[in-house]
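J.: return atomic coordinates for the entry below.
(one chain, ligands or ions: 2)
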Amino acid sequence: MTARGDLRSYRLVAIPGDGVGPDVVAAARGVLAAAGARFGFEIAWTDLIVGGAGIDAYGVAIRDEDLAACAESDAILLGAVGGPKWDDPTAMVRPEQALFAMRGGLGLFANLRPVSVHPALVPASPLRPELLEGVDMLIVRELTGGLYFGDRTEATGAAGARAASDTLPYSEPEIARVAGLAFELARGRRKRLTSVDKANVLATSRLWRTVVHEIATEYPDVTLEDRLVDACAMQIVRSPASFDVLVTENLFGDILSDEASVLAGSLGMLPSASVGARRTAHGLHGLYEPIHGSAPDIAGQDLANPIGTILSGAMLLRLSLGQADAADAVERAVAAALDGGYRTGDIWPRSVAAAEACTRVGTVEMADAIVARIGPAAAPPGRGPDFDVGTLVATSQLLGLL
Ligand code: IPM
Ligand code: MG
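T.: Ligands and ions are numbered 1, 2, ... in the order given. Have a look, this model is predicted:
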């Protein structure tokens, strides 16, 4: 941060990426600028060309200097990377390599994916309304270990007998730090933690379970349950309101969070924050992105739902910049725009009756509707301190990570 007059200024990196990434990042930047105008801060952006766009421009998904710029920033806002243009399975460079370089290189070991259902979006979900009542879960996905970072061999051998392999390694410290964070977050919420594994098959899951239970002794106030990932997948759609915080390894978290997005009406609604142990002068260093992909079929057509990215921006304000009031205001503005009937195509109601009260908008109009509703600081709407930065920082300290 630098101070000009008494205006605070933060240094953020924007990575629009590929497909709809530029559409949704532009929308979220507009909302963050409006929040800054309202709450007295400004943002100095550094734009980076990363992902498929990076491959086209520089031949690599992310350059060392881009990673360094990310490390020097207060936080990073990312749209999406990837697309059919770069999907050749034999290619040596792939857009997703940028994500893994950032997650691993910046030590962002925990990916926080909150899932709640705005009442106005119940008609957009394929699930029965009574199942959606009270849904408020937080998926904590381990982000720098497991299959994503394990050794792999690409196809070898002759046609007809080719083989490939991936490995799923986890060490005790990797499990302990994400589990500790999940317990802390559960403590600040409804005090229930579900640890998801496949301990009836995988050795890493048995270690996961052992370590999680050891850490549980430090959190007697939090109720811990273990669930096998297949049963958990079923439970997420059968009784989603029964979950509070879930913690799981990298690939399980990837899959379960896409599944859980159905509850919220659309993948386009869900934000995420990737954080680690590092603090800046203002909060946790972190990478914020919607959980959806690059949706190349609707790129550049003003069709994408920007809400997942805008809510990621709210998480950025809260966790990385310590601007909790501004974050609350952005979240309230999103809720107010939805209450006002604004809908992108992905959250359009399934019934004609519900659709009558709605207005179909594109990416830009949705962002404008949200900007218009950013009001001044107000009393919080009664949600718990889910993402209180103090909690997260205290956790990191507890874990000896700072
Ligand atoms: C996500 C995405 C990525 C992942 C892809 C794009 C590599 O699905 O962030 O959930 O699997 O982590
Ligand atoms: Mg995913």
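J.: can you give me the buried ones in the helix or strand hosting Phe100?
T.: Assessed by DSSP states H and E, Phe100 sits inside helix 96-105. Across helix 96-105, burial judged by 16 or more other CB atoms under 10 Å covers 97-103. Backbone N, C-alpha and C define where each C-beta goes, glycine included.
J.: contact partners of stretch 337-344?
T.: 118, 120-121, 124, 268, 303-307, 349, 357-363, 365-366, 369-370, 373 (CB atoms under 8 Å, 6 or more residues apart in numbering).
J.: where exactly do the helices run in the stretch 301-402 of the chain?
T.: Using DSSP state H, counting those that start in this stretch, the helices of the stretch 301-402 of the chain run over residues 307-319, 324-339, 352-355, 363-371, 389-398.
J.: relative to Arg343, how far out is the closest residue to ligand 1 within the stretch 251-400 of the chain?
T.: Here the stretch 251-400 of the chain gets closest to ligand 1 at one residue, Asp254, 4.5 Å apart by CB to the nearest ligand atom. From Asp254 across to Arg343, the span is 27 Å (CB to CB, to the nearest Å).
J.: who has more neighbours out of those two?
T.: The residue with more neighbours, out of Asp254 and Arg343, is Arg343; 26 against 19, by other CB atoms under 10 Å.
J.: confidence score at that one?
T.: Per-residue pLDDT puts Arg343 at 97.
J.: how close does it get to Cys358?
T.: Applying CB to CB, the value for Arg343 to Cys358 is 5 Å.
J.: over to Ala155?
T.: As judged by CB to CB, Ala155 and Cys358 stand 48 Å apart.
J.: then Val24?
T.: The gap separating Val24 from Cys358 is 20 Å, by CB to CB.
J.: who's more crowded, the two?
T.: Set side by side, Val24 and Cys358 show more neighbours around Val24, with 33 against 18, by other CB under 10 Å.
J.: just to revisit the earlier point, helices or strands up against the helix holding Phe100?
T.: Under the contact criterion of 3 or more CB pairs under 8 Å, 6 or more residues apart in numbering; DSSP states H and E, the helices and strands touching helix 96-105 comprise helix 64-72.
J.: quick check: buried residues in the helix it packs on?
T.: Neighbour-count burial for helix 64-72 flags 66-67, 69-70 (criterion: 16+ other CB under 10 Å).
J.: and the very next helix or strand once past that helix, what does it pack onto?
T.: Downstream of helix 64-72, the next assigned helix or strand under DSSP H and E is strand 75-80. With contacts taken as 3+ CB pairs under 8 Å, 6+ apart, strand 75-80 sits against strand 7-17, helix 21-39, strand 284-288, helix 307-319.
J.: okay, the angle between the first one and strand 75-80?
T.: By that I understand strand 7-17. Calculated by axes from the mean of the first three to the mean of the last three CA atoms, to 10 degrees, strand 7-17 forms an angle of 30 degrees with strand 75-80.
J.: CSV for the helices of the stretch 301-402 of the chain, including distance to Arg238, mean neighbour count and mean pLDDT?
T.: Output for the helices of the stretch 301-402 of the chain, formatted as CSV (distance: least, CB to CB, whole Å; neighbours: other CB atoms under 10 Å; pLDDT from 0 to 100):
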stretch, distance to Arg238, mean neighbour count, mean pLDDT
helix 307-319, 25, 28, 98
helix 324-339, 26, 21, 97
helix 352-355, 24, 12, 90
helix 363-371, 32, 22, 98
helix 389-398, 30, 18, 51
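J.: how about the ones you listed, which one is nearest Ala199?
T.: With respect to Ala199, and counting by CB to CB, the nearest of the helices of the stretch 301-402 of the chain is helix 389-398 at 24.7 Å.
J.: check the most centrally placed residue in the chain and give its pLDDT.
T.: Nearest to the geometric centre of the chain sits Ser272, at 1.3 Å (CA atoms, centre = their mean). With respect to pLDDT, Ser272 scores 97.
J.: same deal with Val122?
T.: According to the prediction, Val122 has pLDDT 89.
J.: pretty sure it sits against Arg128.
T.: No: Val122 lies out of contact with Arg128 (CB atoms under 8 Å); the separation is 9.4 Å.
J.: neighbour count: these two, which is higher?
T.: Taking neighbours as other CB under 10 Å, Val122 and Arg128 compare with Val122 leading, 20 against 9.
J.: distance of the more buried one relative to Ser351?
T.: Val122 is 11 Å from Ser351, where distance means CB to CB.
J.: what residues are up against the residue nearest to the centre of the chain?
T.: 111-113, 257, 288-291, 312, 315.
J.: quick one, what contacts whatever residue of the stretch 1-150 of the chain ends up closest to ligand 1?
T.: The minimum distance from the stretch 1-150 of the chain to ligand 1, using CB to the nearest ligand atom, falls at Glu96 (4.1 Å). Residues near Glu96 by CB under 8 Å, 6+ apart: 61, 81-82.
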